[in-house]
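*Asks:* What follows is a predicted protein model with its sequence.
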Amino acid sequence: KAGVTQTPRYLIKTRGQQVTLSCSPISGHRSVSWYQQTPGQGLQFLFEYFSETQRNKGNFPGRFSGRQFSNSRSEMNVSTLELGDSALYLCASSSGTSGGNEQFFGPGTRLTVL
Amino acid sequence: GIQVEQSPPDLILQEGANSTLRCNFSDSVNNLQWFHQNPWGQLINLFYIPSGTKQNGRLSATTVATERYSLLYISSSQTTDSGVYFCAVLGGYGQNFVFGPGTRLSVLP
């Protein structure tokens, strides 16, 4: 079974631009979650999608948004980029059908905002 | 929400030594996982262990759910074990995964 894939792996943007990141979960998994990792704040939850619906959301501004498609692939978008958005963005997939499903992470997208 | 603490924050070992990493959490959990983050940032699944004991080669883990802690044991450490180890927990259904701050392990040759 193929693992979780994320594209692109690296991205450089300038302040004010917007960016879209993509995540393809493990086949059969219906839940995709997104996390931001920075040296100062650690790993923080952004949001979770299950069957095309946002099921949970972390404490991030509205500039961060996401969606999930019928094939479970998910995208997250960050608009009006700020320097502080520079981070490693990780997505995780799970079956999502119960509260304790094991999470599997992709390799991440490293975003640099100049 | 659930709070997760990990100790120690940093650990330096000589190759061949054993170590114990600890994860404390503040409430009951449905899921607890240990991860190793490699130098490229990928989180590698080590254990899915909301309760009980598991072993995988030189690594083993124990979660005592009633006392709200989990331990990760690394025996005969190797330089490739270096990196950051994270504990993450999930509370009730619909809650989000909460990560601890990590333990940075350095294994010296």
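*Replies:* Here it is on my side, so go on. Residues are numbered from 1 along each chain as shown, chains lettered A, B, ... in the order given.

*Asks:* Isn't residue B:78 up against residue B:107?
*Replies:* Yes - assessed by C-beta atoms under 8 Å, residue B:78 is found in contact with residue B:107 at 6.3 Å. For the C-beta atoms, the positions are set from N, CA and C on the backbone; glycine is no exception.

*Asks:* So for the two, which sits in the more crowded spot?
*Replies:* Set side by side, residue B:78 and residue B:107 show more neighbours around residue B:107, with 20 against 12, by other C-beta atoms under 10 Å in any protein chain shown.

*Asks:* What residues are bridge-paired with that one?
*Replies:* Counting by DSSP bridges, residue B:107 is bridged to residue B:13.

*Asks:* How much space separates it from residue B:58?
*Replies:* Relative to residue B:58, residue B:107 is positioned 12 Å away (C-beta to C-beta, to the nearest Å).

*Asks:* and what of residue B:10?
*Replies:* In terms of C-beta to C-beta, residue B:10 sits 21 Å off from residue B:58.

*Asks:* how about the residue nearest to the spatial centre of chain A, secondary structure?
*Replies:* The structure's chain A has its C-alpha centroid closest to residue A:34; by C-alpha atoms, centre = their mean the separation is 3.1 Å. Of the three states, residue A:34 takes strand under DSSP: H, G, I helix; E, B strand; the rest coil.

*Asks:* which residues sit in contact with it?
*Replies:* Listed by C-beta atoms under 8 Å, 6 or more residues apart in numbering or on different chains, the contact set of residue A:34 reads A:23, A:45, A:46, A:47, A:48, A:66, A:74, A:76, A:89, A:90, A:91, A:92.

*Asks:* cool, and residue B:48?
*Replies:* Here residue B:48 is in contact with A:102, B:31, B:32, B:33 (C-beta under 8 Å, 6+ apart).

*Asks:* Name the member of those residues with the most neighbours.
*Replies:* Busiest of these [other C-beta under 10 Å] is residue B:33, holding 27 neighbours.

*Asks:* Who are the contact partners of that one?
*Replies:* By C-beta under 8 Å, 6+ apart, the neighbours of residue B:33 are A:102, A:103, B:45, B:46, B:47, B:48, B:49, B:87, B:88, B:89.

*Asks:* buried subset of those?
*Replies:* A:102, A:103, B:46, B:47, B:48, B:49, B:87, B:88, B:89 (16 or more other C-beta atoms under 10 Å in any protein chain shown).
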